[in-house]
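*Asks:* after the sequence you'll find the predicted model.
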Amino acid sequence: MAEVPQEQINSQHGGKPHFFNQTPVSGSSGPQERDAKAPLPKGVVLDKDGKPCRTCTSMSSWRALTKQARAEPAASSTSSSTSTASTVPLAAPATPSSSSIPADCPPDVEELGRSTWTLLHSMAATYPEKADTKQQEDMGGFLKLFAKLYPCWVCADDFQSWMAHPSGRNKPKLGGRSEFGWWMCEAHNEVNRKLGKKEFDCRFWEERWRTGWKDGRCD
Ligand SMILES: Cc1cc2nc3c(=O)[nH]c(=O)nc-3n(C[C@H](O)[C@H](O)[C@H](O)COP(=O)(O)OP(=O)(O)OC[C@H]3O[C@@H](n4cnc5c(N)ncnc54)[C@H](O)[C@@H]3O)c2cc1C
């Protein structure tokens with residue numbers, strides 16, 4: 001559902017050669033080390049080193065890539081066998097349609113995103129009602145570094161660009177909890193829109209992330 005959309009990648013990074021479905025990467029034993037004669041499955045994003053970027057890719061696309069990587073040796077071998085079972089080097093392949101990740105596996109772009117939004121909104125929820133200069137500087141510095149270091153680099157690039165809009169309209173609003181929480185909600189909605197997800201009504205950001213819902217279900 002929420003793989004990094006091709007149009008997003010094409011529009012934002014179309015001139016760069018280092019990712020998405022076209023750049024050949026070397027090796028052949030797994031997604032990170034594949035010999036990409038075949039086009040990469042839809043939604044797979046490459047890292048800046050040309051290897052598949054797990055934290056930029058949804059689990060379903062990653063699994064399609066894993067499946068392809070396992071199948072490739074069979075396709076290029078001289079064996080006439082049509083069975084893939086004998087050429088799959090690891091345990092049973094995952095169901096391609098499943099997007100759930102076992103709890104002890106590395107995160108995909110969605111799992112990473114969910115966890116990160118939890119952190120970011122929680123930071124807003126615990127931000128001082130009125131922040132002093134130092135607190136504002138600290139949070140500003142954090143957001144700047146965060147946007148640089150976020151492990152999904154295509155997400156990070158977009159987030160940085162959004163924050164640095166030439167009009168200045170997307171600069172973090174750090175005067176106090178209320179405006180910072182609202183700003184974070186808008187930042188999140190920007191990503192929601194890009195991914196075709198429903199926007200969140202920012203009037204409720206505090207119920208969602210700080211106080212719990214008024215119906216008491218979080219108490
Ligand atoms: C900075 C950043 C940039 C990202 N960029 C990309 C990208 O370019 N491409 C990509 O594929 N993924 C990106 N992601 C991941 C993406 O935003 C989602 O986290 C991921 O797709 C999982 O989505 P989800 O539907 O589970 O809910 P999430 O979007 O992760 O939201 C988690 C929960 O937050 C609440 N929520 C939703 N919207 C808001 C809001 N506006 N304000 C407050 N609360 C809200 C809802 O209760 C929701 O269940 C990015 C994540 C981050 C943190």
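*Replies:* Sure, I can see it. No experiment lies behind these values; they were computed from the predicted model shown. Numbers count the residues shown, from 1 in each chain.

*Asks:* and the residue in the chain positioned nearest to the ligand, how many residues sit next to it?
*Replies:* Going by C-beta to the nearest ligand atom, the ligand is nearest to residue 113 of the chain, at 2.2 Å. No exception for glycine: its C-beta is placed from N, CA and C like everyone else's. Residues lying near residue 113 (other C-beta atoms under 10 Å) number 19.

*Asks:* setting aside sequence neighbours, what's the nearest residue to residue 59?
*Replies:* Sequence neighbours aside, residue 108 is the residue nearest to residue 59 in space, at 4.2 Å (criterion: C-beta to C-beta, 6 or more residues apart in numbering).

*Asks:* I'd say the one you found and residue 52 touch.
*Replies:* No - here residue 108 does not reach residue 52: they are 11.3 Å apart, not a contact under C-beta atoms under 8 Å.

*Asks:* joint contacts of these two?
*Replies:* Residues within reach of residue 108 and of residue 52 at once, by C-beta atoms under 8 Å, 6 or more residues apart in numbering, are residue 62.

*Asks:* residue 65 versus residue 59, what's the distance?
*Replies:* 10 Å (C-beta to C-beta, to the nearest Å).

*Asks:* what parts of this protein come near the ligand?
*Replies:* 2-4, 109-110, 113-114, 116-117, 121, 150, 154-155, 158-159, 185, 188-189, 191-192, 195, 197, 200, 205, 208 (C-beta under 6 Å from any ligand atom).

*Asks:* how is the protein divided into domains?
*Replies:* Domain ranges of the chain: 6-87, 109-211, per automatic domain parsing.

*Asks:* make JSON lines out of those domains and add distance to residue 100.
*Replies:* Formatted as JSON lines, the domains of the chain follow (distance: least, C-beta to C-beta, whole Å):
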{"stretch": "domain 6-87", "distance to residue 100": "7"}
{"stretch": "domain 109-211", "distance to residue 100": "10"}
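
*Asks:* by mean pLDDT, show me the worst of those domains.
*Replies:* Ranked by mean pLDDT, the domains of the chain end with domain 6-87 at the bottom, a mean of 63.

*Asks:* residue 70 and residue 64: what is the separation?
*Replies:* If you measure residue 70 against residue 64 using C-beta to C-beta, the figure is 11 Å.

*Asks:* oops, could you answer that again for residue 161 instead?
*Replies:* Residue 161 is 29 Å from residue 64, by C-beta to C-beta.

*Asks:* those two: who's more crowded?
*Replies:* Between residue 161 and residue 64, residue 64 has the larger neighbour count (other C-beta under 10 Å), namely 21 against 12.

*Asks:* isn't the more buried one right next to residue 52, touching?
*Replies:* No - counting by C-beta under 8 Å, residue 64 does not reach residue 52; the two are 10.9 Å apart.

*Asks:* give the residues shared as contacts by those two.
*Replies:* Applying C-beta under 8 Å, 6+ apart, one finds that residue 64 and residue 52 are jointly contacted by residue 44.

*Asks:* where along the protein do the helices fall?
*Replies:* 6-13, 59-76, 109-125, 133-149, 153-163, 177-194, 205-206 (DSSP state H).

*Asks:* buried set for the fourth one?
*Replies:* By 16 or more other C-beta atoms under 10 Å, the buried positions in helix 133-149 come out as 136, 139, 143, 146, 147.
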